[in-house]
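**Student:** pasting the sequence and the predicted model now:
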Amino acid sequence: MTMPHVSRRGVLAGTIGAGAILGLSSCSTNSKSRPSALSDIEARESALTWSGKIKKFDLTARLAEVDLGGRIAKTWIYGDSLPGKVIRVNKSDRVRVAFSNDLPTATSVHWHGLAIRNDMDGVPGVTSPEIPSGAGFIFDFITPDAGTYWFHPHSGIQLDRGLYAPFIVEDPNENLKYEREWIVVLDDWTDGIGKNPDQIFNELKQGNATSSGMGDMGGMSGMGDMGGMSGMGGMDSGDVTYPLYLVNGRPINDPEVFSAKSGEQIRLRIINSAADTIFQVALAGHMMTVTHTDGFPVEAYQTQLLRIGMGERYDLMITAKDGVFPLVAEPVGKSDITRALLRTGSGSIPEESYRPAELNSHPLTAEMLTASEEVRLAKSSPDRIQNLALSGRMQPYEWKINGRTYAQTKPLSIKSNEKGRLRIRNATMMPHPIHLHGHTFQLGVAGGSGARKDTVLVPSMGRIDVDLVADNPGKWMIHCHNAYHAEAGMMTRLEYIM
Ligand SMILES: [Cu+2]
């Protein structure tokens with residue numbers, strides 16, 4: 001029996017006035033390829049196993065004030081909390097989410113990682129209409145796979161405000177024993193206390209950066225605590241320095257305290273909802289056992305440190321020791337740290353500057369994992385091999401796939417039931433978390449043992465091949481999950497053709 005046990009930060013006050021909001025919508029539809037007909041989408045939905053249950057939820061995107069450790073930020077959130085309230089269903093349930101947009105601008109909701117029907121995927125101009133201010137939309141889909149997922153807008157860089165929440169799909173037959181569950185959502189924060197995401201994006205576009213993204217960006221002017229472009233030494237892993245980093249909507253000076261009993265098994269579901277920050281995560285004094293990534297099971301793997309890119313999820317199992325232990329999240333390449341606390345007994349709370357030894361160990365990344373046998377793709381040779389060449393630079397601020405920004409993109413194509421291979425080649429000095437909608441690919445080759453994932457962190461100058469089965473017709477985004485890179489062009493589509 002699992003016990004959801006997540007406390008959340010309350011929201012202080014009601015709505016606030018709307019300022020001037022820039023509509024940075026992802027645009028450009030390509031009508032040259034023949035889209036999959038609605039009948040294909042309906043046919044796939046009918047072929048899914050349905051539990052017979054319909055689970056209904058209400059969801060509102062709205063303006064609110066949140067208390068971030070004593071700093072009050074006016075921002076955009078889902079419902080009454082940051083992160084938004086978890087949506088929890090069982091595998092094969094039909095989910096109906098009545099969404100209302102109380103924001104001052106149009107928005108959208110994307111169900112990240114869920115291989116649901118294409119017309120519910122929530123990408124304006126590709127799968128769904130944008131939802132205007134004051135309007136609503138009923139999302140209605142069957143959840144095909146269990147796992148740790150989340151949702152966020154797919155409109156401009158709205159993701160870098162407070163619009164995110166977990167979406168957990170339970171498998172009633174899962175063979176995993178634990179006493180408690182702790183959902184841990186990581187974020188980088190500026191909205192309402194530093195510059196807002198639109199201002200930051202505009203500054204990046206205007207070239208307020210002093211060196212190329214193809215090399216070391218240590219020469220960039222840091223904007224310190226105000227939220228702005230970062231000056232980074234060492235690993236080049238983001239374009240923005242944030243004034244705060246959050247775990248479950250709370251900064252280090254007001255951490256969430258998760259209470260448990262010594263000796264209990266706790267399942268951690270870690271979600272990186274940040275726009276521009278890769279995190280390294282450790283639980284002081286504990287070994288962590290990875291059981292899933294991006295919802296799909298892997299063979300148990302023990303580690304002291306996890307590296308998690310934007311959009312990725314990892315499920316970890318720990319056996320709680322006796323005392324008080326920081327769960328630390330360190331932004332990679334940015335000199336800061338944040339944390340929550342696990343409390344199972346008495347003990348003093350370490351200083352905020354405490355940096356557990358686990359942070360110095362070798363971090364786990366997805367390439368080190370082995371998919372559980374039951375989720376490996378059958379051995380096959382690919383019907384289509386397609387390249388995804390990642391490139392970009394800081395001045396002008398442009399990030400590309402196959403030499404093109406999204407406005408000029410030539411979508412990749414595939415036919416239903418084909419086996420596809422994507423060859424991802426990163427020609428930049430930054431890691432990029434590449435996310436494919438509507439599918440869970442396998443790292444390496446089909447028939448191999450690589451983890452099943454929907455978001456993979458491709459190292460700087462690195463290469464990763466992934467294989468997938470084309471079993472979900474429609475037009476699907478494939479893009480970098482750095483919100484600024486995506487908005488600056490690092491997106492394309494995988495489109496089913498007849
Ligand atoms: Cu990127």
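**Tutor:** Structure received.

**Student:** count of neighbours near Lys321?
**Tutor:** Per other Cβ atoms under 10 Å, the neighbour tally for Lys321 reads 17. C-beta: built from backbone N, CA, C; applies to glycine.

**Student:** give me every residue that touches it.
**Tutor:** Residues near Lys321 by Cβ atoms under 8 Å, 6 or more residues apart in numbering: 262, 285-286, 344.

**Student:** buried ones only from those, please, as a ChimeraX command.
**Tutor:** Those of the contacts of Lys321 that count as buried under 16 or more other Cβ atoms under 10 Å are selected in ChimeraX with:
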select :285,286,344
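
**Student:** which one of the contacts of Lys321 is nearest to the ion?
**Tutor:** Closest to the ion out of the contacts of Lys321 is His286 (31.3 Å), distances taken as Cβ to the ion.

**Student:** I'd say that closest one and Ile318 touch.
**Tutor:** Yes - the criterion here is Cβ atoms under 8 Å, and His286 meets it with Ile318 at 5.1 Å.

**Student:** out of the contacts of Lys321, which is nearest to Arg355?
**Tutor:** Gly285 (13.1 Å; Cβ to Cβ).

**Student:** who are the contact partners of the closest residue to Val109 other than its chain neighbours?
**Tutor:** The spatially closest residue to Val109, leaving aside those adjacent along the chain, is Gly122, at 4.7 Å (Cβ to Cβ, 6 or more residues apart in numbering). Gly122 makes contacts with 108-111, 128, 139, 153-154, as judged by Cβ under 8 Å, 6+ apart.

**Student:** next, format these as JSON lines and append distance to the ion, neighbour count and secondary structure.
**Tutor:** Shown next, in JSON lines, are the contacts of Gly122 (distance: Cβ to the ion, whole Å; neighbours: other Cβ atoms under 10 Å; DSSP: H, G, I helix; E, B strand; the rest coil):
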{"residue": "Ser108", "distance to the ion": "20", "neighbour count": "28", "secondary structure": "coil"}
{"residue": "Val109", "distance to the ion": "22", "neighbour count": "25", "secondary structure": "coil"}
{"residue": "His110", "distance to the ion": "17", "neighbour count": "23", "secondary structure": "strand"}
{"residue": "Trp111", "distance to the ion": "21", "neighbour count": "24", "secondary structure": "strand"}
{"residue": "Ser128", "distance to the ion": "24", "neighbour count": "19", "secondary structure": "strand"}
{"residue": "Phe139", "distance to the ion": "27", "neighbour count": "21", "secondary structure": "strand"}
{"residue": "Pro153", "distance to the ion": "18", "neighbour count": "27", "secondary structure": "coil"}
{"residue": "His154", "distance to the ion": "16", "neighbour count": "28", "secondary structure": "coil"}
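
**Student:** got the residue ranges for the helices in the stretch 301-450 of the chain?
**Tutor:** Counting by DSSP state H, counting those that start in this stretch, the stretch 301-450 of the chain yields no residue ranges for helices.

**Student:** show me the beta-bridge partners of the residue in it positioned nearest to the ion.
**Tutor:** Going by Cβ to the ion, the ion is nearest to His432 of the stretch 301-450 of the chain, at 3.4 Å. Legend: beta-bridge partners of His432 under DSSP bridges are Val458.

**Student:** surely it touches Lys400?
**Tutor:** No - in this structure His432 lies outside contact range of Lys400 using Cβ under 8 Å: 11.1 Å.

**Student:** between those two, point out the one with more neighbours.
**Tutor:** His432 (29 against 24).

**Student:** contact partners for that one?
**Tutor:** 390, 426, 457-458, 480, 482, 485, 490.

**Student:** in strands, which of the residues you listed appear?
**Tutor:** 390, 426, 457-458, 480 (DSSP state E).

**Student:** so among the contacts of Gly122, where is pLDDT lowest?
**Tutor:** Least confident by pLDDT among these: that is Ser128, with 85.

**Student:** the ones in strands among the contacts of His432: which two are farthest apart?
**Tutor:** Distance extremes for the ones in strands among the contacts of His432: the farthest pair is Leu390 and Leu457 at 11.9 Å, using Cβ to Cβ.
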